[in-house]
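**Student:** Have a look at this prediction, sequence included:
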Amino acid sequence: MRPPRPEMSNAVPPPVTAERQPPPLLRLAGGLWLASLAAGVAALVIAFLDRETFLTNLQDTALSLESGVATEDAEMVATIAFWGSLGALAVVLLVTGLLGRTLLRGRGWARWVLLAVLVLDAGAVLLVQAFLGTDAAGFQPVPHLAMAHLVLAAVALVVALLPQVSRWLRGADPRR
């Protein structure tokens, strides 16, 4: 027969750490990034739905710049310009969304990566402005929404760099 096992007990339960809530400014930055992503996605959706018009305009522009270009070549240039600019914007939106979520979870390094992504974002928005914008006066949804996306992302980054957010991030648990 085995001897009886001693009962294991501990009168003091292990400490439970409460999840720290991000400061209001960081939540504001998260909301601004969410609005920025919404504007960027809206620009992508509108451009996709109206792609025939954009492709025709780009093809006409390519033909007007060089009269000796074959129609197939102008069509290929228009397709590359259209899908390339939308693809660049889509990649930037995806990376921004992932990094914004990481930042809201207390990882301060994401702010600096978002700063680099903001530079790439500006390049993607310039491509959208150049290829999908026209000289016509009035509201052009795709270029204006892309610009709104960039402005909102920049403001969100500035808010995320404020001292109150930096103090909270320094005290955040690095294991999260």
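**Tutor:** Great, that's in hand.

**Student:** Regarding the chain, what is its longest helix?
**Tutor:** helix 71-104 (DSSP state H).

**Student:** average pLDDT across that one?
**Tutor:** Helix 71-104 comes out with an average pLDDT of 92.

**Student:** cool, stretch 110-119 as well?
**Tutor:** Mean predicted lDDT for stretch 110-119 stands at 92.

**Student:** before we move on, what about stretch 41-51?
**Tutor:** 95.

**Student:** List the buried residues for that stretch?
**Tutor:** Neighbour-count burial for stretch 41-51, counted by 16 or more other C-beta atoms under 10 Å, picks out 41-44, 46-47. For the C-beta atoms, the positions are set from N, CA and C on the backbone; glycine is no exception.

**Student:** Same check on stretch 145-155?
**Tutor:** Buried, per 16+ other C-beta under 10 Å, within stretch 145-155: 145-150, 152-155.

**Student:** same check, this time on stretch 51-70
**Tutor:** Applying 16+ other C-beta under 10 Å to stretch 51-70 flags 54-55, 58-59, 62-63, 69 as buried.

**Student:** Now do the helices in this protein.
**Tutor:** So, for the chain - with DSSP H - the helices run 24-49, 51-65, 71-104, 109-132, 141-160, 163-170.

**Student:** Could you say which of those is packed most deeply?
**Tutor:** helix 141-160 (a mean of 20; mean count of other C-beta atoms under 10 Å).

**Student:** Determine how far that helix lies from the middle of the whole chain.
**Tutor:** 9 Å (C-alpha atoms, centre = their mean, to the nearest Å).

**Student:** which residues sit against it?
**Tutor:** For helix 141-160, contacts defined as C-beta atoms under 8 Å, 6 or more residues apart in numbering pick out 25-26, 28-30, 32-33, 35-37, 39-40, 42-43, 46-47, 50, 54, 89, 93, 96, 100, 103, 111, 114-115, 118, 121-122, 124-125, 128-129, 132-133, 165.

**Student:** Dump the buried residues of stretch 41-51 into CSV; add distance to Val16 as well.
**Tutor:** As requested, the buried residues of stretch 41-51 are exported to CSV (distance: C-beta to C-beta, whole Å):
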residue, distance to Val16
Val41, 39
Ala42, 42
Ala43, 45
Leu44, 43
Ile46, 48
Ala47, 49
